[in-house]
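K.L.:
predicted coordinates and the sequence they were generated for:
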2 protein chains.
Amino acid sequence: MEKKLVAIALGGNMILQKGQPKTYEQQMENLRVATEVIVKIIEMGYGVILTHGNGPQVGNILVQQTSAVTDGIPAQPLNICGAMSQGQIGFMIQTAMEELLYEAGMKDKRVVAIITRVLVDSSDSAFKEPTKPIGPFYTEEEAIELQKKSKDTYIDDAGRGFRKVVPSPIPLKILEGKTIRRCVEEGDIVIAVGGGGIPVARKNGQFEDVEAVIDKDRATEVLATQIDAEILMIITDVPNAYVNFGKPDQKAIGKITIEEMKTILDGGQFAKGSMKPKVGSAIRFIENGGTLSIITSPENAIEALKEKAGTLLVK
Amino acid sequence: MEKKLVAIALGGNMILQKGQPKTYEQQMENLRVATEVIVKIIEMGYGVILTHGNGPQVGNILVQQTSAVTDGIPAQPLNICGAMSQGQIGFMIQTAMEELLYEAGMKDKRVVAIITRVLVDSSDSAFKEPTKPIGPFYTEEEAIELQKKSKDTYIDDAGRGFRKVVPSPIPLKILEGKTIRRCVEEGDIVIAVGGGGIPVARKNGQFEDVEAVIDKDRATEVLATQIDAEILMIITDVPNAYVNFGKPDQKAIGKITIEEMKTILDGGQFAKGSMKPKVGSAIRFIENGGTLSIITSPENAIEALKEKAGTLLVK
């Protein structure tokens, strides 16, 4: 492949922000803004695979599943809700991006959305300790009742109410990796691994149903390695990873080797469930043969690709 | 491409039948049965593109949209619900089929689901006369109230209650056609055009939102022509199309030229909204360069490919 391949992970909050109306129109408006930088990256000549979060969307779908039970429609399991959100968000992104590509003179560029499954190990230790809150909020009393009736675990989600938690196992392989690679090689912009992908476990050729959520950045890292992408770009709401984040002596991390970054990581500098897993993925991608890992904001993405902004991890 | 390419349209009732529990488990059970014949066709050496209906699934999603409004989650429009159903059904089909492929010794065959958009003309005359019932059932009083508050049309759906109707425009082009063709050439089994595809209209590079449902068989026909498939196979619940269907002198139609079939069609032999559009698609596919159109049941699909069963249209 002549042009460089970049796997870009777009945060779910770029599609729907807290407090915004949860309408189709609002999400399309957000996506037109969010994908502008992706189109610029395509104009620069990169082959692009775009992955995305699905938190707000799958959250809404889960509530809708619960709400319609009284209408005689049983709730579909989490893996199906994840698949639904991939269809929903994939369609919205391709619509928004193809309009921008047209305006940029790339009328024939096709953005394709591929339903993506991610292989996990059903004996992953994460299954013993569910940590990822999903779906509707409940009162403590409701949560205790629900917990009694099922094998599910409910926790207090940051004081906002009680929610079910599911495991977050390690992604081993993207089942659609070969197809994704081929599509990008042929010039398609590919949307994949939505919401971290649909987790599946396999045993003797049979699939086992898995109720879990895979970290989107980590799944993107696995995809990027699997398809030999040169660059992994994690787009988030801050321009850099920081040392002493939020303190008076906060310092942005620029270009850095993975060995140096590991030292900072081991020093406990990064927030669990936020910057820490992003840094972890960025390091592993380089360890596994990648050329450059970028952590930055949409505003700084172009300059980061020119190695003039963002946190840049290299060997 | 060495091996022959067949585009197979699977009826939505193969995934969920009337009266069955609407659960994930039931749908997976049905799909394991429904896709057995597809796996046999793959074993025979055909390249396969599988399209499918989404009636029961998108119907449930539409009810769920309505049910959760009171929880503060706005209903997503029909195109988004269609995209969700493509994700849902695509994931279920690929899971069911890959298990069967594994059992048949084809461990490395990949089944990929591609979100598919279908171009329609927003000035299609269908938009003036909506005919396709969708979503929840209402009483006449409720329907009158809903009709007053919107531009929507509601009709009495076969005495079962009142439902909203949407247009069913002609599919012009499958936007993901090239990608689908490429994936099949490289050996993937492709699931596409779910529910007839997500209808989109385009004007000066901008997409217009379209609330419509495209006939699945017709969209499959357009895809089959676009990607130069040799065979179009429409799988339905009867083994053949018939002359004098349901009458004492009912006669199954076997191998027939499109000219002969047109005479039967023009004689008003086929039921509107059922066999008539299937026959129309079967004829157009041959007119546009296809080699063979098949209309048959899953039980007869293999013999039909050997030209020993089913209704077979040729030039």
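P.N.:
Yep, that arrived.

K.L.:
skipping adjacent residues, who's closest to residue A:91 in space?
P.N.:
Excluding its sequence neighbours, the residue lying closest to residue A:91 (CB to CB, 6 or more residues apart in numbering or on different chains) is residue B:83, at 3.8 Å. Yep, even glycine has a C-beta here, placed from its N, CA and C like the rest.

K.L.:
in a strand, that neighbour, correct?
P.N.:
No: going by DSSP: H, G, I helix; E, B strand; the rest coil, the assignment for residue B:83 is helix, not a strand.

K.L.:
so residue A:107 sits right up against residue A:99, yeah?
P.N.:
No: with contact defined as CB atoms under 8 Å, residue A:107 does not count as touching residue A:99 (10.8 Å).

K.L.:
give me the more crowded residue out of those two.
P.N.:
residue A:99 (19 against 10; other CB atoms under 10 Å in any protein chain shown).

K.L.:
would you agree residue A:132 is in contact with residue A:168?
P.N.:
Yes: contact criterion CB under 8 Å: residue A:132 and residue A:168 qualify, at 4.7 Å.

K.L.:
any shared contact partners between those two?
P.N.:
Counting by CB atoms under 8 Å, 6 or more residues apart in numbering or on different chains, the common neighbours of residue A:132 and residue A:168 are A:212, A:213.

K.L.:
which of those two has more neighbours?
P.N.:
Using other CB under 10 Å, the more surrounded residue of residue A:132 and residue A:168 is residue A:168, with 23 against 18.

K.L.:
point out where chain A drops to low pLDDT.
P.N.:
Along chain A, the model assigns pLDDT under 70 to residues A:1-2.

K.L.:
distance of the residue most central in space within it relative to residue B:71?
P.N.:
The residue lying closest to the centre of chain A (CA atoms, centre = their mean) is residue A:216, at 2.8 Å. As judged by CB to CB, to the nearest Å, residue A:216 and residue B:71 stand 25 Å apart.

K.L.:
one more: residue A:109?
P.N.:
Distance, residue A:109 to residue B:71, by CB to CB: 38 Å.

K.L.:
try residue A:20
P.N.:
16 Å.

K.L.:
buried set for stretch A:259-276?
P.N.:
In terms of neighbour count (16 or more other CB atoms under 10 Å in any protein chain shown), stretch A:259-276 has its buried residues at A:261, A:264, A:265, A:269, A:270, A:275.

K.L.:
tell me, how many residues neighbour the residue of the stretch 151-300 of chain A found nearest chain B?
P.N.:
Nearest to chain B in the stretch 151-300 of chain A, going by CB to the nearest CB, is residue A:205, at a distance of 3.2 Å. Neighbours of residue A:205 under the rule other CB under 10 Å: 13.

K.L.:
give me phi/psi at it?
P.N.:
With angles defined as degrees, to the nearest 10, residue A:205 sits at phi 80, psi -10.

K.L.:
which residues in chain A form helices?
P.N.:
A:24-34, A:36-43, A:55-67, A:78-103, A:140-149, A:177-185, A:216-226, A:258-266, A:275-287, A:301-305 (DSSP state H).

K.L.:
and for the nearest residue to residue A:170 once chain neighbours are set aside, the neighbour number?
P.N.:
Distance criterion CB to CB, 6+ apart; nearest residue to residue A:170, sequence neighbours excluded, is residue A:124 at 5.9 Å. Other residues near residue A:124 come to 18 when the count uses other CB under 10 Å.

K.L.:
and if you look at the one 3 residues further on?
P.N.:
As a burial measure, the neighbour count of residue A:127 was computed by other CB under 10 Å and equals 18.

K.L.:
got a list of what it touches?
P.N.:
By CB under 8 Å, 6+ apart, the residues touching residue A:127 are A:167, A:169, A:212.

K.L.:
take those and keep only those in strands.
P.N.:
Within the contacts of residue A:127, no residue falls in strands by DSSP state E.

K.L.:
reformat those as CSV; add neighbour count and distance to chain B.
P.N.:
Below are these laid out as CSV (neighbours: other CB atoms under 10 Å in any protein chain shown; distance: CB to the nearest CB, whole Å):
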residue, neighbour count, distance to chain B
A:167, 21, 19
A:169, 24, 18
A:212, 25, 15
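
K.L.:
of all those, which comes closest to residue A:252?
P.N.:
Comparing those against residue A:252 with CB to CB places residue A:169 closest, at 32.4 Å.

K.L.:
nearest spatial neighbour of residue A:154, skipping sequence neighbours?
P.N.:
If the residues on either side of it in the chain are set aside, residue A:154 comes closest to residue A:143, at 3.8 Å by CB to CB, 6+ apart.

K.L.:
that neighbour contacts residue A:162, doesn't it?
P.N.:
Yes: using CB under 8 Å, residue A:143 is in contact with residue A:162, at 3.6 Å.

K.L.:
identify the contacts common to these two.
P.N.:
Between them, residue A:143 and residue A:162 share these contacting residues under CB under 8 Å, 6+ apart: residue A:154.

K.L.:
for residue A:130, give me phi and psi.
P.N.:
Main-chain torsions, residue A:130, degrees, to the nearest 10: phi -60, psi 140.

K.L.:
tell me who's in contact with it.
P.N.:
Neighbouring residues of residue A:130 by CB under 8 Å, 6+ apart: A:153, A:165, A:166, A:167, A:168.

K.L.:
and if we set it to 6 Å?
P.N.:
The contact partners of residue A:130, taken as CB atoms under 6 Å, 6 or more residues apart in numbering or on different chains, are A:153, A:165, A:166, A:167.

K.L.:
likewise residue A:52?
P.N.:
Residue A:52 neighbours (CB under 6 Å, 6+ apart): A:10, A:89, A:194.

K.L.:
out of those residues, who's nearest residue A:310?
P.N.:
Ranked by distance to residue A:310 (CB to CB), the contacts of residue A:52 are led by residue A:10 at 14.9 Å.

K.L.:
so the closest one makes contact with residue A:234?
P.N.:
No: in this structure, residue A:10 is not within contact of residue A:234 by CB atoms under 6 Å, at 9.1 Å.

K.L.:
returning to that earlier point: columns distance to residue B:287 and neighbour count on top of the contacts of residue A:52, output as a markdown table?
P.N.:
What follows is the contacts of residue A:52, written out as a markdown table (distance: CB to CB, whole Å; neighbours: other CB atoms under 10 Å in any protein chain shown):
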| residue | distance to residue B:287 | neighbour count |
| --- | --- | --- |
| A:10 | 44 | 27 |
| A:89 | 38 | 31 |
| A:194 | 39 | 32 |
